[in-house]
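# Take this sequence and fold it.
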Amino acid sequence: MMETLEIKRVFVPRALPLREYFSPGHRGCQGCGPALAIRHVFKALGPNTIVANATSCSEIISSPYPQTAWKVPWIHVAFENAAAVATGIEAGYKAMMRKGKLPQEKINFVALAGDGGTGDIGLQALSGAMERGHDFIYICYDNEAYMNTGIQRSGLTPFGASTTTSPAGKVSKGQNTWKKDLPAIAAAHHIPYVATACPSYPIDLYNKVAKAAAIEGPAYIHILAPCPTGWRCPSELTIEVGRMAVESGLFNLFEIVNGKKRLTLRVPQRRPVKDYLKAQGRFRHLTEEDIRFIQEKVDEDYQLLLEELEEV
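Numbering: from 1, shown residues only. Now for the predicted structure:
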């Protein structure tokens with residue numbers, strides 16, 4: 001049994017499990033943030049897990065017929081219906097258990113999709129599943145665009161980023177809207193557990209997935225997963241870029257348990273967002289004035305977060 005160390009009511013493993021449920025040898029790009037995230041997610045969930053995986057990078061890299069990277073039951077579903085399929089599986093299994101046709105046991109029912117399949121195309125199915133109170137875990141790995149189909153903008157593409165459908169030019173500054181706040185949308189459904197995570201902080205990610213599996217009811221985990229290809233940054237900087245996002249306050253690590261929010265990592269002194277933006281080619285067109293504008297927005301949002309935490 002893995003040793004654990006209790007720190008502030010959170011069980012931190014001394015070492016992550018060695019067994020892999022998302023196997024090496026998949027077709028992900030070098031430094032693929034989603035692949036790193038998915039690996040840790042399923043280490044935390046273990047073998048009694050069933051996955052409904054929406055069309056996405058994760059589906060393409062993990063299932064080139066006749067091969068698969070999955071060592072748990074897995075089903076490929078359409079872009080928009082990962083939550084619907086996962087909760088249908090959950091309802092069917094629990095009905096069979098009630099009828100005595102299957103043994104009573106704990107199974108993790110998981111929906112897995114990217115930011116486009118979650119916040120745009122799949123938001124309706126996700127909202128319905130959370131509202132109905134299904135006992136499942138929704139994992140959104142957020143690489144901030146439709147990377148699998150050519151780096152098109154999504155509702156979670158950050159302000160100022162250049163994509164193939166929001167290209168920067170003489171007139172346009174790239175993406176001209178701010179990132180959709182999916183964790184807040186999930187929390188507005190009054191579900192038991194919502195969390196943010198990043199593979200740059202694997203123990204934090206692991207623990208949040210383990211918590212999500214332990215609770216009964218819907219759980220939503222939003223993972224910032226850097227994409228070197230789409231973000232135009234060196235593959236060896238995936239982990240560092242993820243840390244920059246957290247350290248600058250652009251992406252904060254927190255959890256909401258039964259409506260109560262707490263930061264799981266409080267940065268003593270935030271680093272300038274300029275460090276994060278300058279590390280990526282998708283922001284190379286931004287002027288110093290543009291960067292100051294983004295910094296002001298991040299400062300404002302971070303202050304609102306701190307005030308919200310004080311109220312709780």
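
# For the stretch 101-250 of the chain, just list every one of the helices.
115, 123-132, 182-187, 202-214, 228-231, 238-247 (DSSP state H, counting those that start in this stretch).

# Which strands or helices does the fifth one pack on?
Put plainly, it is helix 228-231. Using 3 or more C-beta pairs under 8 Å, 6 or more residues apart in numbering; DSSP states H and E as the contact test, no helix or strand touches helix 228-231. Heads up, the C-betas are built off the backbone N, CA and C, glycines and all.

# Name the residues that touch that helix?
Helix 228-231 is touched from outside by 29-33, 143-145, 147, 151, 163, 234-235, 237-238, 241, 280-282, with contacts defined as C-beta atoms under 8 Å, 6 or more residues apart in numbering.

# and Ala52, what is it in contact with?
By C-beta under 8 Å, 6+ apart, the contact list for Ala52 reads 75, 77, 82-83, 85-86, 89, 110-112.

# orientation of the helix or strand where it lies relative to helix 123-132 in degrees?
If you go by DSSP states H and E, Ala52 is part of strand 49-54. Put simply, strand 49-54 runs at 150 degrees to helix 123-132, going by axes from the mean of the first three to the mean of the last three C-alpha atoms, to 10 degrees.

# Pull up the pairing partners for strand 49-54, direction included.
If you go by DSSP bridges, strand 49-54 pairs up with strand 74-77 (parallel), strand 108-114 (parallel).

# what's downstream of it, the next helix or strand?
helix 57-62.

# helices or strands next to that next one in the packing?
helix 33-45, strand 108-114.

# if you set the cut-off to 10 Å instead, what comes out?
Secondary-structure packing of helix 57-62 (3 or more C-beta pairs under 10 Å, 6 or more residues apart in numbering; DSSP states H and E): helix 33-45, strand 49-54, strand 74-77, strand 108-114, strand 137-142.

# Of the ones you listed, which is nearest Lys101?
Among these, strand 49-54 comes nearest to Lys101, with 16.4 Å by C-beta to C-beta.

# now, of the strands paired with strand 49-54, which is deepest in the fold?
strand 108-114 (a mean of 28; mean count of other C-beta atoms under 10 Å).

# what's the angle between that strand and helix 33-45?
Using the same axes, to 10 degrees: strand 108-114 against helix 33-45 is 170 degrees.

# Distance of the most centrally placed residue in the chain relative to Lys180?
By C-alpha atoms, centre = their mean, the chain has its centre lying nearest to Ile223, at 2.2 Å. Look at Ile223 and Lys180: by C-beta to C-beta, to the nearest Å, they are 15 Å apart.

# Kindly report the same for Pro66.
37 Å.

# Can you pick out the residue with more neighbours from those two?
Taking neighbours as other C-beta atoms under 10 Å, Pro66 and Lys180 compare with Lys180 leading, 17 against 5.

# Where does pLDDT dip in the stretch 1-150 of the chain?
In the predicted model of the stretch 1-150 of the chain, residues 1-14 satisfy pLDDT under 70.
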